[in-house]
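K.L.:
3D model of this:
(2 chains)
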Amino acid sequence: MTPNNKLFPRTMAFLLALHILTWQAMAEGPDIPTLTRGPYLQLSTPSSVSIIWRTVGETQPVVRYGLDPASLDQTAAASSILVRRVPKEGEAAGDLSLHSAPEGTVQYDATLQGLQPDTTYYYAISNGATTLAGGDADHFFRTHPEPGKAKPVRIWIVGDSGTGDERQAAVYQAMRDHVTKQKHPLDLYLHVGDMAYSTGMDAEFQRAFFDVYQPTLRNTVCWASMGNHEGINSKGLLGVGPYYDAYVCPKRGEAGGLPSASEAFYAFDYANVHFICLDSHDLDRAPTGVMAQWLRADLEKTKADWIIAYWHHPPYTKGSHDSDTENQLVEMRELIMPILEAGGVDLVLTGHSHIYERSMLIDGAYQTPTTADGVVLDDGDGNPNGDGPYRKSKGLHAHQGTVQVVTGNGGAKVSRSGTSPVMKQVIVEYGSTILDVDGDTLTGVMINRGSETRDLFGIVKQGSVVPKIVKSPRTLPPYTVAIDKPKVEKSGLTPFPKNAVNLIKPNSAWDYLAGSHPPEKWTAIAFIPNDAGGWKSGTVGIGYGDSDDVTVLKDMEKKYSVVYARSEFELPPGEKEKIGELGLAISYDDAFIAYLNGHEVLRVGVKEGHGANANQVASHEADGYEYFPLKEAKQYLTDDDNILSIEGHNTDVSSSDFTLDPYLLAVPRAVSP
Amino acid sequence: MKDFRRTLLLTAVLIIMRMLSQTAIAHDGPEEVIATLNAAILHNGPTADLHFRRASEFRAMREYKRAAADLGYAIRLDSSMEIARLELARLQLQLLRSPSASTRGVSDFSEPLETVKPILHSHDPSIRIASLALCGEIHFAACNWSSAIDDLSAALEHRPEVQWYLWRAEAQQCNNQHIAGVEGLRAADAETQSPVIKAALCDALIEAVRYLTDSDVTDSDISSDDLIREATNIIQLELSTSRLKSAWQIRHAELLLLCDHRQLAELELHAAVEELNARLQTQRPDSALIRDHARAVKLLNP
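P.N.:
This is a model prediction of the structure:
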């Protein structure tokens, strides 16, 4: 299960404690300002960087920096520090007003200039002579290398992360573990939107973005694109709202690329890569609109080796959103992708759909609905260890193929509704994407929240490649739920027996009762599960969330936590004696109790009680079928009709998912020679 | 004590926000969100906020009429909801511009103008400016050039928005105020440095030269030569720094043709067509490239 409410009491306790401490601090010394956000980095170029932080209460802002953390021998000019405040009561909001920050908040944006390219500097921020943060090895920035110069670049991309819960934290930690293990830190961080659920208010940014990612934000610039949830309180056209308070994006081509005159869409260069960020949410996406015209102009100008574009709404997805039916997604595909591919884009990164999807090498897939016919240039898996990386000509060329990555799996509940025909990888797991660009080679991996590498793809740009449409591309099979669940074989679990037969087949129809409790003897063969009692028939798995159920219980979340299911099976006379072991294969979330002909034969994750009186239900995520031998069950088998009954339990009603997907196995008794 | 109350209030606000986020419909597709909002409207009764949120989802699903109906209902429930009024006026304009409206000959631009009117004097400066600009856009769509110019100029006094500069310049051209259009774009170029403005300025310069040549207008302050020189400088700089040059080659050719340098113009046009052919190698190319290609071919074969 994925308990999205589990953190609530802890979070509230934390918030209360935080505010009591803040109040105490203010009460004890109202003149001692508190650091409430940052410091974090923005808008880095080869010669400059922005350092931003917030305090509650006015300070004398000072930034010291230098090449050695022990010797910060340079100081930013006071005139280079922009100060923004929350308007006082009755005061009109001005250009420098903060949108919805807490009263008394002051935000400082220091722009350090005249820096050396590709150089690491350390920094500290102070209130006069009192250091607020920094002056140590953790507070540093590295200026961009000279544009055009090839240099290994590592980029972290995450989307739809802004829950502030344990899923987001696990995804972030998995990325950090990965880069630590490889001893290869990040150079850039791209966020493809939805970083502050659910309305992008200032407090949500603080809780679900700044508080979570601070260890990275203080030394790596996050280049953000706005999601629809930030768009509720921030407006791209006017450039106002908490999103625009949080980020400083290049409007005047400060970091490479052409001036966009807007922070909603922009470009920047890093080494030999040109990055383009678009606003897919609330700006005109028409080919004649300003954003499209700017994009065309920017593509015409760039001479980088690589072009990576990113925004929120994916042109191709069948995750929690459908790119064939939703306006922003359709328009980004039909109207914006033709401009990008005519300009030589290599990679497109998006979010919005809570899933990881990665395409083949495609070009010209603009029609609705999306089809793979006539648009695939390489139908391989792009894996350097598999079919090999996708290949393109050196330099930038129109219509040589694009790889699309939807990486909206950074924290919000993942789900899947189908398979976009252009995709080669569809992974319904929490995670994020790490890219490495090294000269003529781009490599991407998806790291899930368990720190596993779940996708690997590459693009190599060498020599001259003539793009050719693959006539009958090898596409993924149509999406079906449950049928293709794997058998889980891992340490601590009993391996599946090799010679077992199915007594109850996978994905059979079971009688089930959801939303109420059955009478006491519901597990007995004599019990008749009828409509009047609320019983229904449905194919297992039964449940909701995570897109792994055939019979979906749309009303279960927040209403009830137990589901009862029964399935009969027949054993002709003489058959039960031939069985050596009965076993239950089950994909479950979170716990269950199994009964054979009215007798309890297995209990997993439910400490005591049963039905409505079950207590202490443990959490468990359904990752596939697990095998449980039913050691004492054989004695309860009868000739002819038998009944296997299972009650499935969720930890609590607010759980975001539930699954009960069993089948029954019999291992034949070993015959003596 | 005041601090304590403030802290308590802030904490309460955070608790409520956190609780709302738990029940929020943050992670679903638009169909699910609409279903949830329907249920909320059914059980809790209609509110302006619920209808506004449902309108956003309908809009995402391209159901514009239902979105407009919800926005109208939201305004009826809460007449002070200025953002709903702004969105409704935008949507009404969008519906008027839709192909189906054109087919039916529908062109009553008074409807969005009436919708936006009450918020033209909003206390919120961002709403006020956006409303002014929207009025300009509506007048622009209705070909009321003078009104469009006035409203967009008023909006631009507060905010240097690229799109508003472009609309105003186009309205000025349509109103035969070519030189004013050029001057406005020059100022916009200096203000924004946007390549979109730069291209529009170059186009406006070429158009102004054409206008001065065709209409025999004599203006002591402005000479065609000055305009041609200015346009040539822009074009040369862009050609020398661009990787993909066809758009600027076509502009250059237009200018050369105005100066009767047909041979040089044809060289530029052939180069542009060659580059465009490579970029058009797809089933549904960028419409701007198709337009450029058609323009180049037409100039080659007048």
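K.L.:
Show the pLDDT at residue B:40.
P.N.:
Here, the pLDDT recorded for residue B:40 equals 86.
K.L.:
same question, residue B:100
P.N.:
pLDDT, residue B:100: 72.
K.L.:
what do you get for residue A:3?
P.N.:
pLDDT for residue A:3: 38.
K.L.:
next SSE after the helix-or-strand element of chain B with minimal mean pLDDT?
P.N.:
Each helix and strand of chain B was given a mean pLDDT (mean pLDDT, DSSP states H and E); the minimum falls on helix B:2-23 at a mean of 39. The element immediately downstream of helix B:2-23 (helix or strand, assigned by DSSP states H and E) is helix B:30-44.
K.L.:
Tell me the buried residues in that next one?
P.N.:
Neighbour-count burial for helix B:30-44, with 16 or more other CB atoms under 10 Å in any protein chain shown as criterion, is recorded at B:30, B:33-34, B:36-37, B:40-41. Where C-beta positions appear, they are placed from N, C-alpha and C, glycine not excepted.
K.L.:
contacting residues for residue 87?
P.N.:
With no chain named, the answer covers chain A. Applying CB atoms under 8 Å, 6 or more residues apart in numbering or on different chains, one finds that residue A:87 lies in contact with A:93-94, A:97.
K.L.:
That was the other one, I meant chain B.
P.N.:
Taking CB under 8 Å, 6+ apart as the definition of contact, the neighbours of residue B:87 are B:52, B:55, B:71.
K.L.:
Reformat the residues you listed as TSV; add distance to chain A.
P.N.:
Converted to TSV, the contacts of residue B:87 look like this (distance: CB to the nearest CB, whole Å):
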residue	distance to chain A
B:52	10
B:55	13
B:71	15
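K.L.:
Most neighbours among those residues, which one?
P.N.:
Counting neighbours by other CB atoms under 10 Å in any protein chain shown, the top entry in the contacts of residue B:87 is residue B:71, with 30 neighbours.
K.L.:
sec struct for residue 180, please.
P.N.:
You didn't say which chain, so I picked chain A. Three-state assignment for residue A:180 (DSSP: H, G, I helix; E, B strand; the rest coil): helix.
K.L.:
Wait, chain B was what I had in mind.
P.N.:
helix.
K.L.:
my guess is residue A:186 contacts residue A:217, does it?
P.N.:
No: using CB atoms under 8 Å as the test, residue A:186 is too far from residue A:217 to be in contact (10.9 Å).
K.L.:
so which helix or strand takes in the closest residue to residue B:156 other than its chain neighbours?
P.N.:
Once flanking residues are discounted, residue B:156 sits nearest to residue B:164: 5.4 Å by CB to CB, 6 or more residues apart in numbering or on different chains. Taking DSSP H and E as the definition, residue B:164 sits inside helix B:162-174.
K.L.:
Ok, residue A:156 next?
P.N.:
Per DSSP H and E: residue A:156 is located in strand A:153-158.
K.L.:
Quick one: mean pLDDT for that strand?
P.N.:
The pLDDT scores in strand A:153-158 average 98.
K.L.:
how near is residue A:260 to chain B?
P.N.:
Taking CB to the nearest CB, to the nearest Å as the criterion, residue A:260 is separated from chain B by 7 Å.
K.L.:
So that residue: helix, strand or coil?
P.N.:
Secondary structure for residue A:260, judged by three-state DSSP, is coil.
K.L.:
With residue B:298 instead?
P.N.:
On the three-state scheme (three-state DSSP), residue B:298 is labelled helix.
K.L.:
Tell me how many other residues crowd it.
P.N.:
Burial of residue B:298 is recorded as 10 neighbouring residues (other CB under 10 Å).
K.L.:
wait, doesn't residue B:203 sit right on residue B:251?
P.N.:
Yes: using CB under 8 Å, residue B:203 is in contact with residue B:251, at 7.0 Å.
K.L.:
of these two, who's got more company?
P.N.:
Between residue B:203 and residue B:251, counted using other CB under 10 Å, residue B:251 has the larger neighbour count: 25 against 18.
K.L.:
Now do the same contact list for the residue nearest to the spatial centre of chain B.
P.N.:
With distances taken as CA atoms, centre = their mean, residue B:163 lies nearest the centre of chain B, 4.6 Å away. Residues touching residue B:163, when contacts are defined by CB under 8 Å, 6+ apart, comprise A:284, A:289-290.
K.L.:
Check the residues you listed one by one and keep those near chain B.
P.N.:
Of the entries in these, the ones placed beside chain B under the rule of CB under 8 Å from any CB of the partner chain are A:284, A:289-290.
K.L.:
other SSEs contacting the strand holding residue A:156?
P.N.:
With contacts taken as 3 or more CB pairs under 8 Å, 6 or more residues apart in numbering or on different chains; DSSP states H and E, strand A:153-158 sits against helix A:166-182, strand A:188-191, strand A:403-407, strand A:431-438.
K.L.:
Kindly compare burial across the ones you listed and name the winner.
P.N.:
The highest mean neighbour count among those, using mean count of other CB atoms under 10 Å in any protein chain shown, belongs to strand A:403-407: a mean of 28.
K.L.:
What strands flank that one, and is each parallel or antiparallel?
P.N.:
Looking at strand A:403-407 with DSSP bridges, its paired strands and their directions are strand A:347-350 (parallel), strand A:356-359 (antiparallel).
K.L.:
With respect to residue B:207, which of those lies nearest?
P.N.:
The stretch from those with the least distance to residue B:207 (CB to CB) is strand A:347-350; that distance is 35.8 Å.
K.L.:
Just the C-alpha atoms of the closest one, please, in CSV.
P.N.:
Listed in CSV are the C-alpha atoms of strand A:347-350, where the atom choice follows Å, rounded to 0.1, in the frame of the first residue of the first chain:
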residue,chain,number,x,y,z
LEU,A,347,15.1,14.6,-26.5
VAL,A,348,11.9,15.8,-25.0
LEU,A,349,11.2,15.5,-21.2
THR,A,350,7.8,15.9,-19.7
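K.L.:
what ranges of the chain fall below the confidence cut-off?
P.N.:
This is for chain A. Segments of chain A classed as low confidence (criterion: pLDDT under 70) are A:1-31, A:481-484, A:491, A:671-673.
K.L.:
Not quite, go with chain B.
P.N.:
Scanning chain B for pLDDT under 70 picks out the ranges B:1-28, B:101-107, B:216-220.
K.L.:
got the end-to-end distance for stretch A:391-410?
P.N.:
29 Å (CA to CA, to the nearest Å).
K.L.:
which parts of that stretch are buried?
P.N.:
A:391-393, A:396-410.
K.L.:
Stretch A:525-544 too?
P.N.:
Of all the residues in stretch A:525-544, those buried under the rule 16+ other CB under 10 Å are A:525, A:527, A:529, A:535, A:538-544.
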